[in-house]
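Enquirer: Have a look; sequence and predicted model below, questions after that.
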Amino acid sequence: MVYTPHDARTRLTALARLGVPLVATLLLLTPITPLAAQGTGRITGTVTDSSTGRVVSDVQVTVAGVRVGATTDSRGRYAIVGVPAGPRRLEARRIGYVPFSGRTVDVPAGGAITVDIQLREVALTLQAVVTTGLVDPTSGTRVPFTVGRLEATNMAVPATNALEAFQGKVAGVTVVPMGQPGSGTNIQLRSPTSINKGNSPLVVVDGVIQSQAFTGSSADLESMDIESIEVVKGAAAASMYGSRAASGVIQIRTRRGTGIGTGTTRWSLRSEMGVNSLGGKLGWARKHHYQTNANGEYINASGVVVPRAQRIARPAYQRFQDVTYADKVYDPVEMFFDPGQFSKNAISIAQNNLRTNWFLSFVNSSEDGVVLGKGRFNQNDVRFNLDHQPLDNLKFSFSAYHSRSARQELYDDTFFDLINQAPDANLLTPDADGTPYIYQPDIEGREENPLYVLSTEDRQRNRARTQGSVGSRYTPFTWLTFDANVSYDRSDRRLNYFLDQGKKTEGYALGGLGEISQFAGTTNTINAEASANVLRKFGEITMRSTARALLESEKNELTTARGQDFAVPAVRSLDNTKTRFVESSVEQVKASGYFVTLGGDYAGKYIADGLVRRDGSSLFGANERWNTYYRVSGAWRVAQESWWKWGSINEFKLRASQGTAGGRPGFNDQYETYTFSTAGGVSKQNLGNKNLRPEHSTETELGIDAIVKDRYSVQLSYAKVKTIDQLIQIPLAGFFGYGQQWQNAGTVEGNTIEGTLEAQLIKRPTLSWKAGLVADRSRNKVTEFDRSCFSTQVIGYRCAGVGLSEMYGFQFLHDKKYLPADAQLRENEFVMNDEGLLVWVGLDASGAPNQYTKGEVATGGWGTSTTIGTGSYGWGMPIVRKDATGSSAVIRIGDGTPKFKWGITNSVSWRNFDVFALIDAAVGGQVYNRINQRMYQWAKSRDVDQTGKPQELKKPIEYYIALYAANDPTDYFVEDAGYVKLREVSLKYRLTGRMLGYVQPFGAQGVAISVIGRNLYTSTKYKGYDPEVGTNTLTRIDAFEYPRYRTITGSIDITF
Amino acid sequence: MLTTQKHSRLVALLPILALALSSCQDLVVTNPNLPDALRATQQPTAAETFVASSFRTWWPVGGHDDYPSWAFSTMAMEVTSGFADFGQLETSAIPRTAWNNSPVNARNQVTEGPWYGMYRTISSVNDALAAIDRGVIVVDTSRTMRTKAVGKFMQGISHGYLGLYFNQAFIVDERARLDTIKDPQFQTYKELTAVGISQLDSAIAIANRSSFTLPLDSWLYTAMTKDQFVRLANSFAARLMVYSARTRAERAAVNWTEVIRRVDAGVTTDFAPVAQIDVLWDDWKRLVARLRTVGRPSDFGRPAYDLIGPADSSGGYLNWRATPLTSRAAFQMKTKDRRIQGTGGPATPGSYVGYNLNNIFTASRGTWRYSWYYYLRNGTAETWQNGPQLELPVSEMDLLKAEGLIRLGRAAEAVPLINKTREANGKLPPVTVAGPPDEPGCVPRKFNGQCGSLWDALRYEKGIEGLGVTGVIAFLDARGWQTLIEGTPIHLPVPGRELAVLRRPLYTFGGGGEGSAPVPSAETCPIALARCP
């Protein structure tokens, strides 16, 4: 037998397959020593806040080692019964407070003892307990890598989507929210790791791993019931999640019944209502360039007054956009966008009994968005969380979530059609066919009125999401715990489209044939995991170890049926069509994984952690089914050393972590494929690749955590990530017939510097003020790419030495040195114009260079040209830079990555008022403004409007159309998209005294009213609607997406 | 209590045991949506499917989709366009520039579209022919022979068109073993043409030994007998022979006797595959004929004055030509050709071309691009995706034969061939060997305003009858007639992407460098004729 590396992999795999369950089973079968049967007593007491003296409700008080406990009620009281008599130590935990571990007290058999507890509020996020990336809850001060954390208190303004809650609050997080309500959110943690595949993190909600098999998976995530969110930003912390964690992990936990006092039931009502409205506007040209007489009336070439429909443009190069319309002028943006209603209503009930607690909530969200009469989104969510503890050492958890939503969809060209409307066209005029809006109000017929299309088309998206998880935790010994969890995630998506016969469309100006389509997509995902956890202490040494096995199965089914040409109008059935098509696909993903961790600390000062994970997936090529990941971490809590002199600095930790994680191929990537086309055609598509591996990230993170006087904290991190084996679709030589093959090729490297400052500035019974500052700077670059360079997403370019957010395109000349060699011989005929562009102006009669200000037709300029070599130069017209071959040179024209980002939060509580504000900013970073570029094509942009310009600086529309450059990417439309945004504001007033007394007879215990603003104000130089654009985090191109808008609401919260 | 504890242990044990058992799950998943090579070819009928669907991948790049049709038709000045889409703008710039063959050129589909489209066609056919060579029988001998004949036909027109479009390309037939090719060698366009014709002859030979028919709804999307198939193959062979010429000299050197033989053995009815929605359609015709708004037709591309201008008797075309390029503007023609102008006067539509006083292009891209004429021959709405789409008309073959006859000194025999469409469609008086009648309003005219020669009439007729049929023929004629604008690339280079994949140096044509068209001298007749030079 010949030994090969493949054999080694197989053996390791087999060992992993057998070993982990075997160890876990042996541990489980170890004889159990029952908890000592003895007499019991009772512990009662009150829990108060150490700084304010206020009672604290919802605190979990437990007896160490015996796992009996209770939760404090609204008066801060608790009572634990059945406590084994003898010396016992109390522990207390509550979100937002430092975990309490008390002194030992003697519990008398058959008697009672009172123990009052003072809890110290966690003033600083760094001190909070975190779990993501770890096998058991650990204080943030003891974690050897960065775990970002948000709690409900940081979310005074409920995000419209759960993932948007991070924006400006956690360092190293980039959020690209989609404009239209219900679209979901793109999120990137630190620097991107993948050239081609998604850079979105893995999201886990209550133990349910969210499927990423379909677009907008996060759109179904409701934000109202979130208790906490944790984020690990890269492989150094996320190795535990293996081959799909290269981009980090976000873990969301929702509320449970444990959050209220034992033996209590709590109802909560919340209602928020307000309006959506567009913030930024587009600048439009308000003047025209048609021939008119002295009265402003349109005339033809003979000077005869003609109606609007027969107007003609001035002669070429005399078309200065400076003539006032005789007719009324409209702002298409004003007509098209319209404030819409926003509402979010929630009701929840929670109950906490001794052994069982549960939480049930219902949330209804509705947003109209900002497009007139279309785009409404409505979502209903139900959540049910249940915990049951039948035995002291056995606990079951159950979580279920169901969401249903409906949205009116906009067609793809909606915002493109809008910018092509003429300013003297009234989009709100009814059409002769009975549609409320005219089909083509622009006599030049550039594009159809988007309001007509939206009125005649019916595009309805319906989604349902059902998720559930069942978990158990069994602790046969104080040092041994078994966990198991099974989660299920199902998504149902429908998209129905109907356009009736007779409605006008592009190509069917007299009325179309009718069209209908129905899409159905279903995704079912099941994940299961089981682990054995060991926690033992040996003197000053605490050791933790976990062995875990995981399984994953996902099935994605898609079916589309469509038909054209109706037999009769108004019948919404595929049977009504004369031509029909169907398409379908099924994708199945199976994966297994195993990992073992070993970690520990010595006296809480020296912390070490290690992990090895083995992942197998059907998405990997047949020869690369299994891959290995690891993590090694360490931390030194220097302030715990006896020699530490700086007592005011009560925490000072140095930490380092290195880990690996992966990025998976797509379903089709490994397969050799032929494609079917309608009516049975077959042709070659992809050449398969049995050696396809997942992308492999290695991240190294170094950092310092410090806390001063328990009031100020600082976290500084530097992370460097290198991702090899990039998944690239490599073109093949034509004769293969297959167009391309997915291969592992290339390396991306990135680094991030991030910092978090947090300060509890004031903490008094009637006034508290907490402030936070986060900032980060990320860079990335393709460092190795041994294949042909290629362009992507119009402005992207993938080549060694190029960043993933860099933009490439053509450049207009700003400097004579880039003129072609033949033109340089006549360089005195070129000058810079008032926009800084180099233009040809020729020589005047004396042989001296002309001036670009003498371009008026009367003086001879605009419209003339010269030929130098193979180049033609129009008078005053911009010039595209050429390369050595004479072709337009493709060069770097911009970079979408900001220089750095920052966010500032302030939370102030004064008496019964709570104020929260978030301001965040991106400094630098550019956006490609394709909207403005397109508005140059037909002279629609405000830039083309010559109003107010001195005559000598006016430019004809031909100048701007040349800048439009046939929609090719050019440097001219790269804009600084830096911004400062007042993103969240909340002012809350909690009713007290007589006002609260009015509602208390109805059972209300607390009432709060709030005024809330989202995206209230943006300061930016960017010319588009909003600088936060793009459909992903890498390609910052403003290409007719639904614009971001502001929301102003009022809300009322009532607790019973 | 102990019983409960046992249950507890069991509860905890169950998921772990379940995981342990399921950890043996097989991670092999078959792609259920798309076949791989094994599944695609394991059934004998699959070979038939490959060939029967291959015309659908040839059709778009054979002149019926955006690439390379728009670039070729605007370079040939058959269609004028101020739009930049599909490579129109950069390929029709004056002065002409070299084709930007960079793989990152945003218009790189001009070369990549036809290159990869043709090879995708060839590759699928090769798999089928290789299977037949291995002994696979497609149900019976007749169907096997049909598969083989059409397969060779598809190989022939694909290799042939690669030879028409590119200066060089690979020849890959069913005998090639792709996994053994280490250093593939390009073949010249002449070799490609020869191989293409040879493969068409193989198709003819196989068909002549067989008995089969082709159905309407697949294969070549035209119902035809075996004999009609043979005629079609001969017509395509005639095309390849004539259109592969890059220069006037090469066109003159074509074996015209053989061309005439092929034409005579070629189609007797128009080859017009029947379009079906989402199966086979003519997107180039769709855009040429696009109607966006009532009264404002054809906003994408329009018949160029260089094509229809010789029919003008108003003097407008002569004036337009005499005007400096940057000062040219659209004008209204007067003509007797009823394909351009209706009987109601200059503003009324003809049968192929309509008149509309509307400028759709921008001045900064050159007012010389303006045209007040629009294309209406093939309808305006859904007609491009339903019904017959003209690909190889008899008139084209007639005029190829007429050209051959003139070149062979048999001009009198060419006259009736030219007059067929001239009289029937143009309602023009017949030409004689001396050319059109020397009278006011003669069609066509020379650039000096005099009535044209028979040679001029032939070229005009081929242009107006070919307008909007395919997007590539006008260019192929223009380079052989030397009517392309100086500096126009006479053929395409191998796509930059392909060169990069093969690690070969990038090269290009046009702009006055290698592979550029010389200064046009359109009025030169091949032989002595009346009204020539």
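Expert: Received, thanks.

Enquirer: Give me the pLDDT value at B:Glu380.
Expert: Actually, residue B:380 is Thr. It isn't Glu. At B:Thr380, the model reports a pLDDT of 56.

Enquirer: Now do the same contact list for B:Met255.
Expert: Slight slip there: residue B:255 is Asn, not Met. By CB atoms under 8 Å, 6 or more residues apart in numbering or on different chains, B:Asn255 lies in contact with B:Met241. C-betas here are computed from N, CA, C, even on glycine.

Enquirer: Next one: it from B:Asn208, what distance?
Expert: Taking CB to CB, to the nearest Å as the measure, B:Asn255 falls 22 Å from B:Asn208.

Enquirer: Just give the nearest non-adjacent residue to residue 327, would you?
Expert: If you meant another chain, say so; for now it's chain A. A:Asp424 (5.0 Å; CB to CB, 6 or more residues apart in numbering or on different chains).

Enquirer: meant chain B, my bad for not saying
Expert: Using CB to CB, 6+ apart, the closest residue to B:Ser327 is B:Thr367 (7.3 Å).

Enquirer: how about the residue of chain A found nearest chain B, phi and psi?
Expert: When scored by CB to the nearest CB, chain A has A:Gly737 as its residue closest to chain B, at 2.2 Å. With angles defined as degrees, to the nearest 10, A:Gly737 shows backbone torsions of phi 90, psi -40.

Enquirer: list the contacts for the residue in chain B that chain A sits nearest to?
Expert: With CB to the nearest CB as the measure, B:Ser123 is the residue of chain B nearest to chain A, at 2.2 Å. Neighbouring residues of B:Ser123 by CB under 8 Å, 6+ apart: A:Lys684, A:Phe735, A:Phe736, A:Gly737, A:Tyr738, B:Val172.

Enquirer: Show me which of those has the smallest pLDDT value.
Expert: Pick the lowest pLDDT in the contacts of B:Ser123 and you get A:Lys684, at 84.

Enquirer: still on that earlier bit, quick check: the residue nearest to A:Asp327 touching A:Pro332?
Expert: No - counting by CB atoms under 8 Å, A:Asp424 sits too far from A:Pro332 to count as a contact (10.5 Å).

Enquirer: Compare the two and say which is more crowded by neighbours.
Expert: Shown here are A:Asp424 and A:Pro332; by other CB atoms under 10 Å in any protein chain shown, A:Pro332 has more neighbours (25 against 17).

Enquirer: What pLDDT does the model give that one?
Expert: The score at A:Pro332 is 92. That number is its pLDDT.

Enquirer: and the residue lying closest to it once chain neighbours are set aside, how far is that from B:Leu467?
Expert: Excluding its sequence neighbours, the residue lying closest to A:Pro332 (CB to CB, 6+ apart) is A:Gln421, at 4.5 Å. A:Gln421 sits 34 Å away from B:Leu467 when distances are taken as CB to CB.

Enquirer: What is the burial count for the closest residue to A:Ile957 other than its chain neighbours?
Expert: Beyond its immediate neighbours in the sequence, the residue positioned closest to A:Ile957 (CB to CB, 6+ apart) is A:Ala939, lying 4.2 Å away. Residues within reach of A:Ala939, counting by other CB under 10 Å, total 24.

Enquirer: Kindly report the same for the one 3 residues further on.
Expert: A count of neighbours around A:Arg942, defined by other CB under 10 Å, yields 16.

Enquirer: what about the nearest residue to B:Phe170 once chain neighbours are set aside, is that helix, strand or coil?
Expert: Taking CB to CB, 6+ apart, and ignoring the residues beside it in sequence, B:Phe170 has A:Phe735 as its nearest neighbour in space, at 4.8 Å. The three-state label for A:Phe735, taken from DSSP: H, G, I helix; E, B strand; the rest coil, comes out as helix.

Enquirer: check contacts around A:Phe735.
Expert: A:Phe735 makes contacts with B:Tyr119, B:Ile122, B:Ser123, B:Phe170, B:Val172, B:Ala176, B:Leu178, B:Ile181, B:Pro184, as judged by CB under 8 Å, 6+ apart.

Enquirer: repeat that for 10 Å
Expert: Under the criterion of CB atoms under 10 Å, 6 or more residues apart in numbering or on different chains, the contact list for A:Phe735 reads B:119, B:122-123, B:126, B:169-172, B:176, B:178, B:181, B:184, B:498.

Enquirer: Give me the below-cutoff pLDDT ranges for the stretch 1-150 of chain B.
Expert: The stretch 1-150 of chain B contains residues with pLDDT under 70 at B:1-24.

Enquirer: mind showing which ranges of the chain have poor pLDDT?
Expert: Since no chain was named, I'll use chain A. In chain A (pLDDT under 70), the answer is A:1-38, A:67, A:123, A:132-136, A:445, A:678-679, A:793, A:855-860, A:1031.

Enquirer: The intended chain is chain B.
Expert: For chain B, the stretches with pLDDT under 70 are B:1-24, B:290-299, B:359-360, B:379-383, B:522.

Enquirer: what residue is smack in the middle of it?
Expert: Within chain B, one residue has its C-alpha closest to the average C-alpha position: by CA atoms, centre = their mean, that is B:Gly63, at 2.3 Å.
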